[in-house]
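J.: After the sequence you'll find the predicted model.
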Amino acid sequence: MKSAILTLCIVISGAAQAAAAAPYTKIEFFGLNCTICEEGLIEKFTLFPAVAKVDVDMSNFTVCVRNKTGRELTPTEIKATLASAGFNTVKVEPTSKC
């Protein structure tokens, strides 16, 4: 019984660490060339309940999304958001920092 409880604790701990392992999502895309577009992207991403903060780097064509604890945008949501704003997604990467 103790062994089963210990195993369950290890599994739960591992799942919690995996969920907390990627507090950011780094997104690479093409097409951004003005601050109005940058502001539009920030506005679109901040509408998602999973998003805590959005930083756009126009010179490197990247968006860094700070995910709320235990939440994360799906690649499908990210690609659809960029496509609706007229951008093509190149890469979506969960990461520990941007």
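T.: Now that the structure is in, tell me what you want to look at. Numbering: from 1, shown residues only.

J.: beta partners of the residue nearest to the spatial centre of the chain?
T.: The centroid of the chain falls nearest to Thr25 when counting by Cα atoms, centre = their mean (3.0 Å). Beta-bridge partners for Thr25, by DSSP bridges, are Val65, Pro94.

J.: Show the pLDDT at it.
T.: Per-residue pLDDT puts Thr25 at 95.

J.: Verify the stated contact: it with Glu72.
T.: Yes: assessed by Cβ atoms under 8 Å, Thr25 is found in contact with Glu72 at 6.6 Å. C-betas here are computed from N, CA, C, even on glycine.

J.: So for the two, which residues contact both of them?
T.: Shared contacts of Thr25 and Glu72, defined by Cβ atoms under 8 Å, 6 or more residues apart in numbering, comprise Pro94.

J.: on that earlier part again, let me see the contact set for the residue nearest to the centre of the chain.
T.: Cys64, Val65, Asn67, Glu72, Leu73, Ile78, Val92, Glu93, Pro94, Thr95.
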